[in-house]
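>>> Sequence first, predicted model second:
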Amino acid sequence: MVTKKISTIPVAEFVRIFFQTSASNAEGVYETLGAQLQDPTVNPFAELPGAKSEEEITRSSGLCPDHEFAVTRQKGDKSEGSGRAIDLGMYPLEPPQNMGTADEGEPLRTDWSTIEVGIECKMNSTAQDPFDESHDGDKFDAISRRKVLDRLLYELELIAQHQQRTFQYIVLFLGAFARILRADKSGIFVTDKFDYRGEDGLIIAGYFRSLGLASPTRRGFDTTATRVSSRSAEGKEMLRKGRDVGEDDHVKQMFSDSLDLHWPWWKLEVPDETAINSAPAGPAAVAGKRDSHPGKTRSYLVGKPYFQASGVIGRFTRGDGIEKEGVVLETLKENKVQFIPTVLCHGDITGQRSISQDHCPKYHQGCELKTHQHYRLVVKEVCKPLYQFKDNTELAFVMWCCLKAHSQAYKIGIIHCDISAGNILLYRTEDGCWQGMLNDWEMSKTRAQQELEGRQAGRVGTWQFLSVNALNCPGKKIVIEDELESFFHVLLYMAIHLLHHNIDDRDVPQFLRTYFDGYSACHDRIACGHIKSLVMTTGRIDWGVNKGQDGVSRTGRRNFISPPTDNARPLGQTGQAGSGSSSLQPVAKPYDCVAPSQQSEGNQEPSSSTSPTAPAPNYYHPLNYIFHRILSWFKAYYTLQNSGPEEPAVKRDVRPRATTAEAILINELDSDDSDPDLDMDSEQSSSPVEDALRAAAIYREIRAALKKDAENLRSHKPILQLFKDALISPSWPVADRYPDRKPGKDGKPAGNHGPKLSTLVMRSKRPASAVDDLEPPSKPYKRIRRV
């Protein structure tokens, strides 16, 4: 079950590469590692009964100076919601005081923030060995091995989340055998399986001994990060800063929330590579040389992260060939691009570069791992996630702000390439107004780079919000139409979650899964899901049975509606409506997306008296207009893309219709009940050539209309104007935010009591450099855990 990012390697080679010895064979390995032992001729594991008893393994604790082994299989870390525990771990004798240990007399608890080497113990050396490919034909063994691999990857991920590591080890005991894993930000190397109770036991014993004697850097620790105890002077200062949070101070509230006593706090050093002098404006500045502050660093105290990307590979790093995000942001600011973060400092962490990619090709055919450089970036603004928007108008305005930022960047030749719900944020200005901020420019490219590089190496972006074309063509160059479609998917995602509409609450979880997480199998690859593709090509969002405001269920298209309260007032009614007055127009037909200009003059206005408990009248909702127009543009765009030639050929040697066998037979069968309108021999019948020419003319008209609609996606101006027109409309309902409809653990809508929307929004984000691993979240269990 070796994947493209996991390579198996002989033990001797593993020791030579990662312990930097000159050993070239097994004897050299024994000599190198055995020399670390007090008695290099005695295998401390020789008498163990196998991995059936973790307690037996702990008897070898004396192998590692200043470390001990602890059995922690029964209790998970308090800081980790899943309660996941690891069988065994190697811990420092004096862990930081900020984390508690086991209660007196209770089983020891896994501590992901202090564990140095994780150890998993399995009984079956074949069925539970995820790296043994000798029995791939056995379905049940394959499932068992996949579960073990999934567990190992998750444990590596938890260690990476709680610690500041450049690489890490895990030891896997398999009955009488063992393997050692080493994971850095590029890939994972695994030793061949060896018998640790025989002569090979010196390998595992010497390995632990070597780690105990090694420096923190050689053990994989980031020495630019210092653990901060809550009892230290710096920790007490953090606690003081987190007190007395004002009701409207979201910045201080977020910092206070990060001071979780069950989570490690850190003091991080950040290089200052910000430009000293203003660089030349324009896209050329991104790739140009910029003067910075050599050797200067800044330090920041941080608590629990608000968000961490999933997976092991690519975390906190800058992929090879990817421009520093700080440089991109500086260039955007110099060119007066609005609604983007302001860089305070940024830079590569010296000496922290992955090495797996340097050795993978020798041991893994077809393996092409990427180089990853540890990189840090600090920006001025502290923002809120998009799902915390107040109401529909704030959501629409935030989208307009980020479209504006994207437009201004595009004008100077920079395209974002990763529009997603996690990268569109809420930022409060000094005057207290909330606006949008387009974040996460690390995957951005200049259009000149795109022309030079051609196709991408793989999918770039976030699965749920990628365009249909980007999902269907993994190597496709990202263009403006793809980016605008991603904005549309983000808006739809938030609106379906948190606004009033006519999709039954019970259907929302399934719609979200099939539309955003869905995929389809396409030969040897995966592609866009059916529902998303259908919506974009037909220009309609039809979903199941919709329940209208009148309580009647009907099949139809999705619509956004006013909330069933007296806050939404019909046209002509005045007075206070929630936090302000509103004048709302009735729609022409219930449950149909129409623009104001399309409404019939004969509409009857609803009654001006609306009971707070009665269903609200049907109103025209500006969001319906936005979705209707955007969908019509994409329908035209995909229709043209999937259609035939510009001008269909007309064949002029077509046989006369009346002489064909089909026409004669139809006339005979229909002779007793002929219809003049269908009579093929009628005087009004035209020749096949005339019919073809007429059809060609109609085809040209339709194509011209489609081109006109699709042209709205060739620039930002039409969509910006669309949002602007909608925002100045007086027809927005107030107090229309709805409880989150994200599915709970039982698959039903969670409402206010289930998992937060942030879980899904943030989970959808991928490590920026893991673009070649991008897979749909809805893929079956057999591939659910990413490396």
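Arrived safely, thanks for sending. Residues are numbered from 1 along each chain as shown.

>>> how about the helices of the stretch 401-550 of the chain, start to end?
Here the stretch 401-550 of the chain has its helices, by DSSP state H, counting those that start in this stretch, at 447-453, 468-472, 480-498, 508-512, 530-538.

>>> Could you give the number of residues near residue 216?
Burial of residue 216 is recorded as 10 neighbouring residues (other CB atoms under 10 Å). Where you see a C-beta, it was placed from the backbone N, CA and C, and this is true even at glycine.

>>> Please report how far the nearest residue to it once chain neighbours are set aside lies from residue 350.
Among residues not flanking residue 216 along the chain, residue 223 sits closest, at 5.9 Å (CB to CB, 6 or more residues apart in numbering). Distance, residue 223 to residue 350, by CB to CB, to the nearest Å: 10 Å.

>>> okay, and the common contacts of those two?
Common contacts of residue 223 and residue 350 (CB atoms under 8 Å, 6 or more residues apart in numbering): none found.

>>> and the residue nearest to residue 216, how many residues sit next to it?
Residues near residue 223, counting by other CB under 10 Å: 14.

>>> swap in residue 432?
Neighbours around residue 432, by other CB under 10 Å: 7.

>>> Equivalent analysis for residue 707, please.
Neighbours of residue 707 under the rule other CB under 10 Å: 13.

>>> Could you pull up phi and psi at it?
phi -60, psi -40 (degrees, to the nearest 10).

>>> swap in residue 502?
When read as degrees, to the nearest 10, the backbone of residue 502 gives phi -100, psi 20.

>>> Report pLDDT for it.
With respect to pLDDT, residue 502 scores 83.

>>> Looking only at stretch 422-436, what residues are buried by neighbour count?
For stretch 422-436, a neighbour-count test (16 or more other CB atoms under 10 Å) marks 422-428, 434-436 as buried.

>>> ok, now stretch 396-406?
Buried residues in stretch 396-406 (16+ other CB under 10 Å): 396-406.

>>> Rebuild those residues as TSV, extending it with distance to residue 301 and pLDDT.
Below are those laid out as TSV (distance: CB to CB, whole Å; pLDDT from 0 to 100):
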residue	distance to residue 301	pLDDT
396	37	96
397	34	97
398	30	97
399	34	98
400	36	98
401	31	97
402	30	98
403	36	98
404	34	98
405	30	98
406	34	98
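
>>> Looking at those, which is nearest residue 702?
residue 403 (29.2 Å; CB to CB).

>>> coming back round to it: wait, which of the helices of the stretch 401-550 of the chain is closest to residue 155?
helix 508-512 (29.5 Å).

>>> Check the average confidence over that closest one, would you?
Average pLDDT, helix 508-512: 88.

>>> And it, what's buried?
Within helix 508-512, the residues that count as buried by 16+ other CB under 10 Å are 508-509, 511-512.

>>> mind exporting it as CSV, just the C-alpha atoms?
Below are the C-alpha coordinates for helix 508-512, written out as CSV (Å, rounded to 0.1, in the frame of the first residue of the first chain):
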residue,chain,number,x,y,z
VAL,A,508,-29.7,20.5,2.6
PRO,A,509,-27.0,18.1,4.0
GLN,A,510,-27.4,15.8,1.0
PHE,A,511,-27.3,18.8,-1.4
LEU,A,512,-24.1,20.1,0.2
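
>>> Cheers, nothing more for now.
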